[in-house]
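>>> I'll drop the sequence and a predicted model, then ask my questions.
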Amino acid sequence: MNCNSCGKSDRILGISAKCGDLFLAEYNGITYEGYVPEDIGIGKGDYINITFCLECGKIQSSKFPLNEPEFANQEIED
């Protein structure tokens, strides 16, 4: 399998991790903690699944572009 971004490299690394409800994300000044949100394209629930090119660093996915994550619509708490 060659990279779907640079098209040159076959150096594709897959990562799978279980993080339970210990996932943390920051986006536009909003911090999210909890389970992996399905709408950010890297997994869901307890699991992160990422495949990326070791040549150009691009994540391999056919899901992009993505909409704003649901948690980005939450009000920022002071």
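Sure, I can see it.

>>> just give me the residue closest to the centre of the chain.
For the chain, the residue sitting closest to the mean C-alpha position, by CA atoms, centre = their mean, is Ile42 at 3.3 Å.

>>> that one contacts Ile48, correct?
Yes. Between Ile42 and Ile48 a contact is recorded at 5.4 Å, counting by CB atoms under 8 Å. Backbone N, C-alpha and C define where each C-beta goes, glycine included.

>>> can you list residues touching both of the two?
Common neighbours of Ile42 and Ile48, counting by CB atoms under 8 Å, 6 or more residues apart in numbering, are Val36.

>>> still on that earlier bit, ok now do the residue nearest to the centre of the chain, which residues does it touch?
Neighbour list for Ile42: Val36, Ile48, Asn49, Ile50, Ile59 [criterion: CB under 8 Å, 6+ apart].

>>> give the contact list for Asp10.
With CB under 8 Å, 6+ apart, Asp10 has these contacts: Met1, Asn2, Cys3.

>>> now the buried members of these.
In those, burial by neighbour count holds for Cys3, counting by 16 or more other CB atoms under 10 Å.

>>> low-scoring stretches of the chain, by residue?
By pLDDT under 70, the low-scoring segments of the chain are 75-78.
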